[in-house]
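# Build the 3D model from these lines:
(one chain, ligands or ions: 2)
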Amino acid sequence: MANAFFEIREPENESYNSYAPGTPERKKLREEIDRLKGQEIEIPAIIGGQKIKTDHQQDVVMPHNHQHTLGSVHLCGEKEVEMAIEASQQARREWADLPWEERASIFLKAADLITGPYRYTMNAATMLGQSKTPHQSEIEAVGELADFLRFNAYYLQQLYREQPYSPDGMWNRMEYRPLEGFIFAVTPFNFTAIAGNLPLAPALCGNVSLWKPATSSIYSSYFIMKVLHEAGMPEGVINFLPGNGADVGNPVVESEHLAGLHFTGSTGTFQHLWKSIADNIETYNTYPRIVGETGGKDFIFAHESADVDALVVAAIRAAYEYQGQKCSAASRMYIPESIWGSFREKFLEEVQKVKYGDVEDFSNFMGAVIDQKAFNTITSYIDYVQESDDGEILFGGNYDDSEGYFIEPTLVLARDPHFKTMEEEIFGPVLTVYVYEDDQFEETLQLCDTTSPYGLTGAIFARDRYVLKKMSDKLRQAAGNFYINDKPTAAIVNQQPFGGARKSGTNDKAGSAANLMRWMSMRSIKETTVPAKDWTYPYMREE
Ligand SMILES: NC(=O)c1ccc[n+]([C@@H]2O[C@H](COP(=O)([O-])OP(=O)(O)OC[C@H]3O[C@@H](n4cnc5c(N)ncnc54)[C@H](O)[C@@H]3O)[C@@H](O)[C@H]2O)c1
Ligand SMILES: N[C@@H](CCC=O)C(=O)O
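Ligands and ions are numbered 1, 2, ... in the order given. Have a look, this model is predicted:
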């Protein structure tokens with residue numbers, strides 16, 4: 001142990017490169033895209049630090065050009081899961097016993113690698129593998145991922161400082177132990193930063209992880225493993241298990257060593273995993289902590305006093321950036337009749353300027369949706385609207401998967417506030433608007449609050465302060481991330497800790513001290529300086 005209290009200074013959020021024409025970063029990013037596209041890589045499982053190849057391989061392709069192969073991935077099953085559990089349990093004690101500042105230094109180094117020598121690799125890999133534009137990739141695969149690593153290390157230090165009161169004669173202490181077992185990190189395709197954070201936040205607290213990345217974003221996930229290796233992450237602390245959900249998930253939840261689930265993905269998958277854990281509850285050595293951030297049906301609600309220009313910008317960015325595949329993406333909107341005409345006119349004028357296509361063309365605002373399955377699901381909603389009397393497509397509605405999984409930004413007008421596309425998560429570039437009578441403002445707030453089972457993000461637009469207060473109060477439980485006169489996407493670590501309740505998750509706020517607390521098991525220690533030598537009490541003495 002070090003004979004000093006080391007200090008991590010409060011970090012600042014990573015600043016973003018603009019990639020504007022003529023900048024050196026634009027040139028470097030293009031070079032890295034060319035380099036990655038010019039090679040094919042083989043992505044193994046990584047268990048106990050060893051690269052493991054399996055007999056089940058799958059191609060890794062680009063969503064915006066699915067004929068182009070970036071490489072192949074080895075998919076895991078029961079055998080590899082058993083190896084990973086074994087490796088994690090071998091690594092567990094040494095990792096847990098490592099002084100916290102030694103652990104934290106690996107995370108700080110990883111952050112500096114991501115924002116330094118790996119910056120263009122992380123950005124280009126996320127652009128190619130997940131079809132993000134340079135900006136969407138930069139803000140998360142570089143910015144948010146580095147922020148998670150730096151701020152979590154800082155929060156850990158703050159948490160460890162929290163100590164109980166000690167009256168005279170004793171010294172009370174609090175020890176923040178890692179959990180006994182391993183954490184199962186199951187990550188979604190849409191954010192490289194989330195993929196990295198879910199196995200890493202528990203590991204920072206001294207836990208070991210089994211990480212099941214999404215197969216459709218495996219390319220950038222593999223580069224995270226490369227960064228961790230270079231940062232000095234010991235073998236067996238993070239075990240990388242690419243694979244189909246159930247092939248990896250089923251054997252994992254049957255292990256007695258499962259101590260926690262750190263999940264982000266759809267509500268259905270989370271509920272399935274929670275039920276599987278409940279079914280196996282007698283198996284475990286300790287009650288697994290369950291943390292899950294899941295789906296959303298995020299809203300923008302406008303009052304008649306709203307600034308229409310700001311509303312249009314928020315709607316376009318929130319609904320269509322990253323093709324509407326952010327859990328925070330706006331997918332339903334409530335607009336009063338009195339401003340609907342001007343909103344509609346401005347929105348249609350702007351949205352027709354939105355370009356989508358290959359993300360290597362930097363003039364595009366949108367790329368392709370992630371894969372064939374997502375394409376089929378999203379377009380089935382568009383087809384449903386085309387055939388319905390209660391909904392009408394006001395813009396977009398075209399799609400084409402011949403080269404890449406492209407879907408036009410689409411605006412739907414719903415005549416019924418309970419229309420299917422007002423209620424269900426679509427996870428694609430489809431925004432549905434419901435126009436309400438101005439005098440139905442309060443009733444429509446109630447509708448907004450009760451229409452979907454989710455509670456992730458939401459935004460309100462108004463100028464009138466009394467109205468803003470009323471909207472905020474009425475929609476208190478409707479969103480865990482709530483925005484006033486801003487779009488409901490793009491939360492930043494340490495500024496807007498992220499997560500929602502209801503069917504959107506356990507709201508343990510990724511990138512916050514509250515999240516780290518879930519990966520610790522506290523031990524209260526009382527040390528008495530001069531122990532009692534007489535077991536009797538004064539009241540027992542004779543009068
Ligand atoms: N609330 C948030 O913070 C947040 C953030 C990002 C994404 N999301 C949500 O994620 C969803 C989109 O992501 P997705 O399509 O990757 O979700 P998904 O549920 O299809 O997959 C998520 C992960 O779960 C794995 N999985 C599936 N079945 C499994 C099983 N039986 N056992 C173990 N793992 C299994 C998948 O392989 C993947 O790695 C959307 O619903 C979105 O709203 C939420
Ligand atoms: N933190 C991201 C959402 C991540 C979910 O996919 C945002 O706020 O837009």
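
# Show me the shaky parts of the stretch 51-200 of the chain.
For the stretch 51-200 of the chain, no stretch is flagged by pLDDT under 70.

# Give me every residue in it lying close to ligand 2.
Taking CB under 6 Å from any ligand atom as the contact definition, the stretch 51-200 of the chain meets ligand 2 at 190, 191. In this view, the C-beta of every residue, glycine as well, is placed from N, C-alpha and C.

# One more pass at 8 Å, please.
Counting by CB under 8 Å from any ligand atom, the stretch 51-200 of the chain comes close to ligand 2 at 140, 144, 188, 190, 191, 193, 194.

# so does stretch 474-494 get close to ligand 2?
Yes. Judged by CB under 8 Å from any ligand atom, stretch 474-494 comes into contact with ligand 2 at 481, 488, 489, 490, 491, 492.

# Could I get the contacting residues of the third one?
Read it as residue 489. 298, 317, 318, 321, 326, 328, 329, 330, 457 (CB atoms under 8 Å, 6 or more residues apart in numbering).

# Now the buried members of those.
298, 317, 318, 321, 326, 328, 329, 330, 457 (16 or more other CB atoms under 10 Å).

# wait, what's in contact with the third one?
Listed by CB under 8 Å, 6+ apart, the contact partners of residue 318 are 298, 300, 328, 329, 330, 459, 487, 488, 489.

# Could I get the pLDDT score of the closest residue to residue 398 other than its chain neighbours?
Leaving out its chain neighbours, the residue that sits closest to residue 398 by CB to CB, 6 or more residues apart in numbering is residue 408, at 4.4 Å. With respect to pLDDT, residue 408 has a value of 98.

# burial count for residue 408?
20 (other CB atoms under 10 Å).

# Is it in contact with residue 430, as I believe?
No. In this structure, residue 408 is not within contact of residue 430 by CB atoms under 8 Å, at 9.7 Å.

# Also within reach of ligand 1: list those from the buried ones among the contacts of residue 489.
326, 328.

# In TSV, list the buried ones among the contacts of residue 489 along with pLDDT and secondary structure.
Listed next are those as TSV, based on pLDDT from 0 to 100; DSSP: H, G, I helix; E, B strand; the rest coil:
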residue	pLDDT	secondary structure
298	98	strand
317	98	helix
318	98	helix
321	98	helix
326	98	coil
328	98	coil
329	98	coil
330	98	strand
457	98	strand
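
# residues contacting residue 381?
420, 421, 424, 426, 428, 430.

# Please name the spatially closest residue to it (chain neighbours excluded).
Spatial nearest neighbour of residue 381, chain neighbours left out: residue 426 (5.1 Å); criterion: CB to CB, 6+ apart.

# And for the one you found, the neighbour number?
Residues near residue 426, counting by other CB under 10 Å: 24.

# I'd like to know how far it sits from ligand 1.
Note on residue 426: its distance to ligand 1, by CB to the nearest ligand atom, to the nearest Å, is 10 Å.

# ok, which stretches of the stretch 251-400 of the chain are helices?
Ranges of helices within the stretch 251-400 of the chain are 267-279, 308-320, 337-351, 372-387, based on DSSP state H, counting those that start in this stretch.

# Oops, could you answer that again for the stretch 401-543 of the chain instead?
420-423, 441-450, 465-474, 513-517.

# Just tell me which of these ends up closest to residue 539.
In terms of CB to CB, the element of the helices of the stretch 401-543 of the chain nearest to residue 539 is helix 513-517, at 41.2 Å.

# Please export the C-alpha coordinates of the closest one as PDB.
Output in PDB follows, covering the C-alpha atoms of helix 513-517 (Å, rounded to 0.1, in the frame of the first residue of the first chain):
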ATOM      1  CA  ALA A 513     -21.100   7.700  -8.300                       C
ATOM      2  CA  ALA A 514     -24.600   6.200  -7.900                       C
ATOM      3  CA  ASN A 515     -23.800   3.600 -10.600                       C
ATOM      4  CA  LEU A 516     -20.500   2.700  -9.000                       C
ATOM      5  CA  MET A 517     -22.200   2.100  -5.700                       C
END
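
# what does that helix contact?
Outside helix 513-517, the residues that reach it (CB under 8 Å, 6+ apart) are 152, 155, 156, 158, 159, 201, 204, 205, 291, 497, 508, 509.

# which parts of that helix are buried?
513, 515, 516, 517.

# State the pLDDT value of the first one.
Looking back up the chat, that one is residue 513. 97.

# can you tell me how far it sits from residue 225?
Remark: distance between residue 513 and residue 225 (CB to CB, to the nearest Å) = 26 Å.

# what do you get for the third one?
Residue 516 sits 22 Å away from residue 225, going by CB to CB.

# pretty sure residue 28 contacts residue 121?
No. The criterion here is CB under 8 Å, and residue 28 misses it with residue 121 at 10.3 Å.

# more crowded one of the two?
Neighbour totals were compared for residue 28 and residue 121, and residue 121 leads with 21 against 16 (other CB under 10 Å).

# Can you verify the more buried one is assigned to a helix?
Yes. Under DSSP: H, G, I helix; E, B strand; the rest coil, residue 121 sits within a helix.

# before we move on, back to that, filter the contacts of helix 513-517 down to the ones in strands?
residue 291 (DSSP state E).

# and the residue nearest to residue 398, what does it touch?
356, 396, 397, 398, 399, 429.

# hmm, back to that, the residue nearest to residue 381 touches residue 378, doesn't it?
Yes. Taking CB under 8 Å as the definition, residue 426 is a contact partner of residue 378 at 5.9 Å.

# In space, what's closest to the residue minimising distance to the centre of the chain - neighbours in sequence excluded?
Nearest to the mean C-alpha position of the chain, counting by CA atoms, centre = their mean, stands residue 194 at 4.0 Å. Leaving aside its chain neighbours, residue 194 sits nearest to residue 264 (5.2 Å; criterion: CB to CB, 6+ apart).

# ok, what's across the strand from the one you found?
residue 293 (DSSP bridges).

# Please list all residues in contact with it.
With CB under 8 Å, 6+ apart, residue 264 has these contacts: 186, 187, 188, 191, 194, 198, 292, 293, 294, 327, 510.

# any idea how far residue 319 is from the spatially closest residue to residue 324 that is not a sequence neighbour?
Spatial nearest neighbour of residue 324, chain neighbours left out: residue 429 (4.1 Å); criterion: CB to CB, 6+ apart. Noted for residue 429: a distance of 7 Å to residue 319, by CB to CB.

# Overlap of the contact sets of the two?
Joint contacts of residue 429 and residue 319 (CB under 8 Å, 6+ apart) are residue 409.

# of the contacts of residue 408, buried ones?
356, 396, 397, 399, 429.

# What is the most widely separated pair among those residues?
It's 356 and 397 that sit farthest apart of the buried ones among the contacts of residue 408, by CB to CB, at 13.5 Å.

# From the contacts of residue 489, pick the one nearest residue 218.
Checking the contacts of residue 489 one by one against residue 218 (CB to CB), the nearest turns out to be residue 326, at 19.6 Å.

# you'd agree that closest one is up against residue 189?
No. At 11.5 Å, residue 326 does not count as touching residue 189 under the criterion of CB under 8 Å.

# any shared contact partners between those two?
With CB under 8 Å, 6+ apart as the test, residue 326 and residue 189 reach no residue in common.

# Then residue 171 would be within a strand, right?
Yes. Under three-state DSSP, residue 171 sits within a strand.
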